[in-house]
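Q: Could you look at this predicted model? Sequence included:
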2 protein chains.
Amino acid sequence: MKPGAILETALYVTDLDAARAFYSGVLGLDEYSASPPRQIFYTCGNQMLLLFNADETVKPPRDASLPVPPHGAHGPGHVCFRAGPDEIDRWRMRLMDHGIEIEADFTWPGGGRSIYFRDPSGNSLEFAEPALWGLN
Amino acid sequence: MKPGAILETALYVTDLDAARAFYSGVLGLDEYSASPPRQIFYTCGNQMLLLFNADETVKPPRDASLPVPPHGAHGPGHVCFRAGPDEIDRWRMRLMDHGIEIEADFTWPGGGRSIYFRDPSGNSLEFAEPALWGLN
């Protein structure tokens, strides 16, 4: 018995408007819902990317019928998106066109290229080839 | 142009040994690699769950050929694993058998059940039905 897949990946952002402009406008993710100032949720394939304002999510639940436990981290988190070699080239160009710095761009010793950049809150984002992990 | 899938989901843990006992021993995830005191990496389906010690990952990269940008958050993060209705029942039993408290267990207004619990570092973990997000 083991978890078969991750359904929700969370990042904490400090400016929800700036995050929305970046994740919707630059990355082009599909917005599922937005409830400022607490959260913006995106669909990403068959997973969810949840952007939270930690100052809001650390508060105890207000609705007794939906007792979502508090959480919330501070400091730069990390998420990596899956991409093929050609896609990484295209993402690099798109990010640079939007004035986003490519903080690192290298190929791992075992194969697979990664590019790294930051969201407006300083989270470390990456596009990488799944071969890096031996995945298809 | 938009990211098609999340390849790496990260959580920050404060005790790597306790995390390993929990994620390997209780959740049964497949360990991909471990490099204490910095990190333990797990395969989860076609994704990776990366557990990091933020005190180590905030340090600048030491290897100029692998300039992985620093990151690292403090405070409880959140990850949700995908599960079907029967699986949620089985996970609930398994977690309780290991003395893990089920912090919340409810069905969302639009359908889909979630159970919530904590890892040893206090991260908020969840098993949920993908129907909650309109996903299959």
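A: Yep, it's here.

Q: Torsion angles phi and psi at A:Ile6?
A: phi -90, psi 130 (degrees, to the nearest 10).

Q: And the pLDDT for the spatially most central residue of chain A?
A: Chain A has A:Val79 as the residue nearest its centroid, 4.9 Å off, counting by Cα atoms, centre = their mean. In the predicted model, A:Val79 carries a pLDDT score of 98.

Q: so who does it touch?
A: A:9, A:11, A:49, A:123, A:125-126, B:6, B:8-10 (Cβ atoms under 8 Å, 6 or more residues apart in numbering or on different chains). Yep, even glycine has a C-beta here, placed from its N, CA and C like the rest.

Q: hmm, whichever helix or strand A:Glu31 is part of touching chain B?
A: Per DSSP states H and E: A:Glu31 is located in strand A:30-35. Yes: counting by Cβ under 8 Å from any Cβ of the partner chain, contacts between strand A:30-35 and chain B involve A:30, A:32.

Q: coming back round to it: can you list which of the contacts of A:Val79 are found in strands?
A: A:9, A:11, A:49, A:125-126, B:6, B:8-10 (DSSP state E).

Q: Neighbours of the closest residue to A:Gly4 other than its chain neighbours, how many?
A: Nearest non-adjacent residue to A:Gly4, counting by Cβ to Cβ, 6 or more residues apart in numbering or on different chains: B:Gly45, 5.2 Å away. Using other Cβ atoms under 10 Å in any protein chain shown, B:Gly45 is surrounded by 15 other residues.

Q: next one: A:Pro120
A: 18.

Q: Wait, it touches A:Leu16, no?
A: No: with contact defined as Cβ atoms under 8 Å, A:Pro120 does not count as touching A:Leu16 (10.0 Å).

Q: Would the strand or helix carrying A:Ile88 count as contacting chain B?
A: Here A:Ile88, judged by DSSP H and E, is contained in helix A:85-97. Yes: residues of helix A:85-97 contacting chain B under Cβ under 8 Å from any Cβ: A:90-91, A:94.

Q: CA atoms only for stretch A:22-38 - export them in PDB, please.
A: These are the backbone C-alpha positions of stretch A:22-38, laid out as PDB (Å, rounded to 0.1, in the frame of the first residue of the first chain):
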ATOM      1  CA  PHE A  22       2.700  35.300 -13.100                       C
ATOM      2  CA  TYR A  23       1.100  31.900 -13.000                       C
ATOM      3  CA  SER A  24      -1.800  32.900 -15.200                       C
ATOM      4  CA  GLY A  25      -0.100  35.400 -17.500                       C
ATOM      5  CA  VAL A  26       3.400  34.100 -17.900                       C
ATOM      6  CA  LEU A  27       3.100  30.300 -17.200                       C
ATOM      7  CA  GLY A  28      -0.400  30.200 -18.700                       C
ATOM      8  CA  LEU A  29      -1.800  27.800 -16.100                       C
ATOM      9  CA  ASP A  30      -5.600  27.300 -16.000                       C
ATOM     10  CA  GLU A  31      -7.100  29.000 -13.100                       C
ATOM     11  CA  TYR A  32      -9.600  26.700 -11.200                       C
ATOM     12  CA  SER A  33     -10.700  29.200  -8.600                       C
ATOM     13  CA  ALA A  34      -9.500  32.300  -6.700                       C
ATOM     14  CA  SER A  35     -10.400  33.400  -3.200                       C
ATOM     15  CA  PRO A  36      -8.200  36.400  -2.400                       C
ATOM     16  CA  PRO A  37      -6.600  37.100  -0.100                       C
ATOM     17  CA  ARG A  38      -6.300  33.400   0.900                       C
END
